[in-house]
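Engineer: build the 3D model from these lines:
(chains A and B)
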Amino acid sequence: MLDALLGWGSGAGMLVALWMIFMVAPTEAQMGNVQRIFYVHVPCAWAAFLGFFAVAGASAVFLWNGSRRADRLAQAWAEVGVLFCTLVLITGPIWARPIWGVWWTWDPRLTMTVILWAIYAGYLLLRAFGGPDEAVARWAAVLGIVGVLDVPVIHYAVRLLQGIHPAVITTREGGSGLVDPDMRHTLYVASIAMLLFAFWLVRLRVRLAEVEDGVVAARHALEASEGAAA
Amino acid sequence: MIGSALAILAKDLRIETRTREGLTSIVVLGVLLVLVFSVAHDPTPSEAPRLAPAVIWVTFTFTGLLAIQRSFVVEREQDCLAALLVGPLDPAALYVGKLLGNVILLAAMQAMVLPLTALLLHVELAGALPGLIVVLLLGNLGFAALATLFGAVAVRVRAREVLLPVLLLPLLVPVLVGGVKATAAVLAGEGLAGATQAIGMLGAFDVIFTTAGVLLFEQVVRD
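Structural biologist: Below is the predicted model of the structure:
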């Protein structure tokens, strides 16, 4: 039921968001049409950051009470977080090339995002090399927690470098924020659709892991009963 | 707790002073890295000092990775780690002992590699030395805090040679940024006061991840 709701909700939300992005939101005066990629870029960033914090939360729960469900959630959010973070790192340069004139620059936010991507890509690599072992789940949980503890420090570290990234929603005078209410509404709708989509993917991934565990358990039961018969 | 941590430290230092394998290999690697960076960049005498902080920290990062990996490979041979954990030993004490051993090993390596770096890159060390020692020790502690935690993980995983750097390098970015910034300020004659932000960040990094290591190490080593 929840799965269907999330699936259809995100699908419908995406269609509405697409319509708003191209039909409702006005063209940005200085950047032109390329600014519209922003309505995909920012929601993906939010989904990615939500995912990384969810990994840490689920990891902490898993280390605390050993719940298999929390471990599955941590892995699912890590995969979805890395996916959305990858999308952020793809859509960003597409926008940056015409606006900044370069695909990439070592701005604090860009540096922060690519470092987080690397931390959680390493997390997935640890899972892949480690296999389905109980110990590997604990190691991954430790990495998930350490990764988020590192976020404020990395945030501070990259600020020691120079920055040119626009502040998106700002009340400060002279910030390049979204002035037009239609632009803001488009951003909100696109964000809700993207977050629903992320939750849906996580649900699917957790269910897949449950089915995998079920198959393993069934195989063990079968081997045990064959052993008993022989 | 402190007693057993010191016992672990004494054990590691004794192994090191008898074999000298760890220190020898990382000093040679450190010297080679500094040589390779200098040759590859081929800097003019005027721009060489500007390059020095980055060369110093990248060199120490890679030699440190090797050193800490080795310190756990030693524990893995003949299941030493399992034997240590069978005894009445708090895993946190094991972590603290290994951490201190690694910090000392890194400092010993730096004491030998640093003069050569200064020589090759035309850096005047004499005045900057006290500040530089503070920066290096702060950096070493933060580096070793995470590397000791994940060294224990990587040693038990396939492809550990690749996995340890892949896990650690992104987590260590603050140490690298802070270390380079603070080293540059100290070498430029500004002293520690010239890099209070970077020094403060290194200190915060040390506190956060030494605490995290003490609390989480048990989860890493228990079976």
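Engineer: so the residue nearest to residue B:186 when sequence neighbours are not counted, which of the three states?
Structural biologist: Counting by CB to CB, 6 or more residues apart in numbering or on different chains, residue B:186 lies nearest to residue B:131, which is 3.9 Å off, once chain neighbours are set aside. C-beta: built from backbone N, CA, C; applies to glycine. Secondary structure state of residue B:131, per DSSP: H, G, I helix; E, B strand; the rest coil, is helix.
Engineer: and if you look at residue B:124?
Structural biologist: Following three-state DSSP, residue B:124 is assigned to coil.
Engineer: pretty sure it sits against residue B:115.
Structural biologist: No: assessed by CB atoms under 8 Å, residue B:124 is found out of contact with residue B:115, at 11.9 Å.
Engineer: so the closest residue to residue A:114 other than its chain neighbours is in which element?
Structural biologist: For residue A:114, ignoring the flanking residues on the chain, the nearest one in space by CB to CB, 6+ apart is residue A:89 at 6.4 Å. Per DSSP states H and E: residue A:89 is located in helix A:68-100.
Engineer: got the angle for the helix or strand that that helix is followed by vs helix A:68-100?
Structural biologist: Going down the chain from helix A:68-100, the next helix or strand is helix A:108-130, by DSSP H and E. Helix A:108-130 runs at 140 degrees relative to helix A:68-100, counting by axes from the mean of the first three to the mean of the last three CA atoms, to 10 degrees.
Engineer: and helix A:108-130, what's buried?
Structural biologist: For helix A:108-130, a neighbour-count test (16 or more other CB atoms under 10 Å in any protein chain shown) marks A:108-123, A:125-127, A:129-130 as buried.
Engineer: elements contacting that helix?
Structural biologist: For helix A:108-130, the elements it packs on are helix A:38-65, helix A:68-100, helix A:134-159, helix B:160-171, judged by 3 or more CB pairs under 8 Å, 6 or more residues apart in numbering or on different chains; DSSP states H and E.
Engineer: so that helix versus helix B:160-171, what angle?
Structural biologist: Using the same axes, to 10 degrees: helix A:108-130 against helix B:160-171 is 150 degrees.
Engineer: rounded mean pLDDT for helix A:108-130, please.
Structural biologist: Averaging pLDDT along helix A:108-130 gives 92.
Engineer: just the CA trace of it, in CSV.
Structural biologist: Output of helix A:108-130 as CSV, limited to C-alpha atoms (Å, rounded to 0.1, in the frame of the first residue of the first chain):
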residue,chain,number,x,y,z
PRO,A,108,33.6,24.8,-0.9
ARG,A,109,30.1,23.3,-1.8
LEU,A,110,31.4,21.4,-4.8
THR,A,111,34.4,20.1,-2.8
MET,A,112,32.1,19.1,0.1
THR,A,113,29.7,17.2,-2.2
VAL,A,114,32.4,15.3,-4.1
ILE,A,115,34.1,14.4,-0.8
LEU,A,116,30.8,13.1,0.6
TRP,A,117,30.2,11.2,-2.6
ALA,A,118,33.7,9.5,-2.1
ILE,A,119,33.0,8.6,1.5
TYR,A,120,29.8,6.8,0.7
ALA,A,121,31.1,5.3,-2.5
GLY,A,122,33.8,3.8,-0.2
TYR,A,123,31.0,2.6,2.1
LEU,A,124,29.4,0.7,-0.9
LEU,A,125,32.8,-0.7,-1.8
LEU,A,126,33.3,-1.9,1.7
ARG,A,127,29.9,-3.7,1.6
ALA,A,128,30.8,-5.2,-1.8
PHE,A,129,34.2,-6.5,-0.8
GLY,A,130,33.1,-7.6,2.6
